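1. Sequence plus the predicted model coming up.
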Amino acid sequence: MLKLHTLKIIKQEPVAPGYQRLTLARGIAAQAGQFVQVRASETFDPFLRRPISVHDAAEDRLVLLYRTVGRGTALLAAKKAGETLDLLGPLGSSFPLTDRAQAVVVAGGIGAAPLYYLLRTLKRAGKQVSFFYGARTEAELLLREEYRALATNYSEATDDGSAGSRALVTDLAAPAIASLDATVYACGPSPMLKEVARLADYYGRSCFVSLEAQLACGVGACLGCVVPVRGQEKYRRVCVDGPVFAAGEVFFC
Ligand SMILES: Cc1cc2nc3c(=O)[nH]c(=O)nc-3n(C[C@H](O)[C@H](O)[C@H](O)COP(=O)(O)OP(=O)(O)OC[C@H]3O[C@@H](n4cnc5c(N)ncnc54)[C@H](O)[C@@H]3O)c2cc1C
Ligand code: FES
């Protein structure tokens with residue numbers, strides 16, 4: 001059943017230029033990897049809700065981490081503590097836990113947003129987590145000390161070498177995927193996911209990726225978000241069948 005919530009904003013913090021963390025006063029029983037559809041304004045302009053991943057969740061809070069890229073996210077960023085936010089969720093699939101004691105988690109850019117809650121979930125389940133965080137520059141490695149605190153091993157890469165290794169995050173993660181008997185999780189740009197999926201397949205690791213697509217309805221009705229998959233079905237909807245998919249299922253273009 002779809003659940004609509006009106007939640008009070010308790011904090012709206014800039015965490016880097018163009019990036020905000022929004023904390024809401026009540027939890028919505030979300031799992032790591034799920035998302036909410038946010039109404040960015042009180043009017044019907046913009047008409048469509050905007051999908052934002054659950055960055056962190058507990059009984060008494062729901063936290064979103066987002067980048068301002070257009071009108072919807074700019075309106076969201078303009079909201080202040082004390083105001084309310086109307087959202088639908090939790091929606092979509094979540095990252096599954098497996099019987100493996102170790103996990104390799106790979107984040108690219110704002111793809112790190114849902115992985116914070118995954119790291120917390122893995123840590124609570126007693127897993128050893130190797131976390132690889134890639135971004136264009138140091139400024140876009142958001143909340144890095146908070147991510148670092150949750151990981152057993154933490155490594156970072158930037159395109160310009162301003163922090164960590166000057167490398168692709170997939171190059172940094174490859175030796176861990178090769179050598180650890182771990183489940184692999186990833187969220188980030190499509191070429192990064194494609195490479196993580198290739199490495200995991202090559203080394204025989206279970207792998208789960210969170211995909212992004214432009215959503216319209218967000219609840220499975222419009223077929224606006226389909227992605228090609230292997231097998232009989234050919235296409236699946238990111239909003240209800242995903243956003244988290246087994247990597248072997250996805251047909252990366
Ligand atoms: C399941 C899911 C979870 C997401 N979680 C997060 C999150 O945690 N944090 C976050 O910052 N963003 C997240 N996004 C992306 C976010 O939904 C978009 O950035 C947002 O909808 C843009 O709205 P806007 O009105 O600000 O921009 P618009 O005016 O709609 O678009 C501005 C620009 O961004 C591009 N754009 C819009 N939506 C997307 C998209 N989904 N993927 C790629 N490019 C897009 C447009 O093509 C355009 O170039 C998620 C998307 C999905 C599908
Ligand atoms: S956005 Fe409508 S079916 Fe996914």
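-> Yep, it's here. Residues are numbered from 1 along each chain as shown. Ligands and ions are numbered 1, 2, ... in the order given.
2. going forward, measure contacts between C-alpha atoms and count neighbours the same way
-> Noted.
3. hang on, Tyr117 in a strand?
-> No: read with DSSP: H, G, I helix; E, B strand; the rest coil, Tyr117 is helix and lies in no strand.
4. Who does the closest residue to it other than its chain neighbours form a beta bridge with?
-> The shortest distance from Tyr117 to any non-neighbouring residue, by Cα to Cα, 6 or more residues apart in numbering, is to Asp56 (4.7 Å). Asp56 forms beta bridges with Val63, as assigned by DSSP bridges.
5. Asp56 touches Val63, doesn't it?
-> Yes: the pair Asp56 / Val63 is scored as a contact, 4.9 Å apart, by Cα atoms under 8 Å.
6. Give me the neighbour count for Gly82.
-> Each residue near Gly82 was counted by other Cα atoms under 10 Å, and the total is 14.
7. And Gly92, by the same measure?
-> Here the number of neighbours of Gly92 (other Cα under 10 Å) works out to 23.
8. Now the phi/psi pair for the residue nearest to it when sequence neighbours are not counted, please.
-> Among residues not flanking Gly92 along the chain, Val240 sits closest, at 4.6 Å (Cα to Cα, 6+ apart). Per-residue torsions, Val240: phi -120, psi -30 (degrees, to the nearest 10).
9. Contact residues of this structure facing ligand 2?
-> Contact residues, the chain versus ligand 2 (Cα under 6 Å from any ligand atom): 215-225, 237-239.
10. isn't the residue nearest to Gly92 right next to Val219, touching?
-> Yes: here Val240 lies in contact with Val219, judged by Cα under 8 Å, at a distance of 6.2 Å.
11. Return every residue with contacts to both of these two.
-> Residues touching both Val240 and Val219 (Cα atoms under 8 Å, 6 or more residues apart in numbering) are Leu91.
12. In stretch 176-183, which residues are buried?
-> For stretch 176-183, burial by neighbour count (16 or more other Cα atoms under 10 Å) applies to Ala176, Ile177, Leu180, Asp181, Ala182, Thr183.
13. after the longest strand that the chain contains comes which helix or strand?
-> Counting by DSSP state E, the longest strand found in the chain is strand 4-16. Sequence-wise, the next helix or strand downstream of strand 4-16 (DSSP states H and E) is strand 19-24.
14. From the contact counts, what lies against that next one?
-> strand 4-16, strand 61-67 (3 or more Cα pairs under 8 Å, 6 or more residues apart in numbering; DSSP states H and E).
15. partners of the first one, with directions?
-> Strands that pair with strand 4-16, judged by DSSP bridges, come out as strand 19-24 (antiparallel), strand 84-91 (antiparallel).
16. Tell me if the shortest one is near ligand 1.
-> No: figure legend: strand 19-24 not in contact with ligand 1 (Cα under 6 Å from any ligand atom); closest approach 7.5 Å.
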